[in-house]
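# Sequence and predicted structure below; questions after.
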Amino acid sequence: MRVLYFGTYERNYPRNAQVISALRTAGVEVVEHHEPVYEARRDNWAVRWTVALRLFVAEMRLRYSSHDAFDVVLVGYPGHFDVPHARRVAGKRPLVFNPLISLHDTLVGDRSRYREGRFTARILWVIDRRALRTPDLVVADTEANAEFLAEVGDLPRERVQVCLVGAEDRLFHAGWRPDEPFRVLLLPLLYGPRDAHGIVLIIEDMTDLRHSEAFSAYLGRIVAGLMNEVYILDPDTLRFRMVNDDVVDLYGRVPTGTVVVVSN
């Protein structure tokens, strides 16, 4: 099988990287038609004319693109504006959309960029509906989000399937071997009723290795490779020990003594 991964999707975003990696691991040939728009900044949901201009140029390129040697077209996140062009490219072949979010829910509900009922909010709702109703299949990251996306698109539930969100092997693997095993507690931070946008990591039941420079460097490499906000707490005091720079961007400051890791 040959999959055409298509659109303005953010190539390095975990959801896209995981889907492409998993497909290739399963023996699926993945070819990409990628028009970069969102890679220039990490705060992709900030409303800027430069982003709008890049998006307009990218959509024009997608509109006049042509492909033939594929079995399925898959539109990655965030590809809501790409779906109509993908439908044209796919023709009678299957079209799959991996949206991750609703634009209206994210920009109006979670991020409060626009007020409910305003013209822009209504336009986002229309874009969501079109993007969800056009494909043959929508893929969500959780059962709860699948129910929500089916409701937004007024779709039969069977047209929204679930591929659980995961972690890249290049970041999370058996690379640390302390003298004694340790456990971690992962707590997702919820900005909205459905979306997890950060992780709290509490390290417990470790030897003094958890205070070593080598282990701190190991954690730093993981934190630097993640796309969302990450908070690492000391298990004894529950005070912040390490965060990535996304946390500083979000809150403006962090407690004194906290190590800030610059993301890759």
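Yep, it's here. Numbers count the residues shown, from 1 in each chain.

# Now the phi/psi pair for the closest residue to residue 8 other than its chain neighbours, please.
Here the nearest residue to residue 8 in space, its sequence neighbours aside, is residue 37; by Cβ to Cβ, 6 or more residues apart in numbering that works out to 4.4 Å. Using the backbone N, CA and C atoms, a C-beta is placed for each residue, glycine as well. Phi and psi for residue 37, reported as degrees, to the nearest 10, are phi -130, psi -50.

# Who are the contact partners of residue 37?
The contact partners of residue 37, by Cβ atoms under 8 Å, 6 or more residues apart in numbering, come to 8, 51, 54, 55, 58.

# and if we set it to 10 Å?
Taking Cβ atoms under 10 Å, 6 or more residues apart in numbering, we find residue 37 in contact with 7-10, 44, 50-59, 78, 81-82.

# what pairs with the nearest residue to residue 146 once chain neighbours are set aside across the strands?
Using Cβ to Cβ, 6+ apart and skipping the chain neighbours, the partner closest in space to residue 146 is residue 140 (3.8 Å). In this entry, residue 140 is beta-bridged to residue 162, by DSSP bridges.

# residues near residue 140, how many?
As a burial measure, the neighbour count of residue 140 was computed by other Cβ atoms under 10 Å and equals 23.

# so it touches residue 150, yeah?
Yes - the pair residue 140 and residue 150 qualifies as a contact (Cβ atoms under 10 Å) at a distance of 8.5 Å.

# what do the two both touch?
Applying Cβ under 10 Å, 6+ apart, one finds that residue 140 and residue 150 are jointly contacted by residue 160.

# Now residue 4. Nearest residue, chain neighbours left out?
Leaving aside its chain neighbours, residue 4 sits nearest to residue 70 (4.0 Å; criterion: Cβ to Cβ, 6+ apart).

# surely that neighbour meets residue 96?
No - look at residue 70 against residue 96 with Cβ under 10 Å: they stay out of range, at 11.7 Å.

# Common neighbours of the two, please.
For the pair residue 70 and residue 96, residues contacting each of them under the criterion Cβ under 10 Å, 6+ apart are 3, 5, 6, 90.

# Sort out which residues of the helix or strand harbouring the third one are buried, please.
For residue 6, the host element (DSSP states H and E) is strand 2-7. For strand 2-7, a neighbour-count test (16 or more other Cβ atoms under 10 Å) marks 3, 4, 5, 6, 7 as buried.

# Before I go, just wanted to say thanks for your time.
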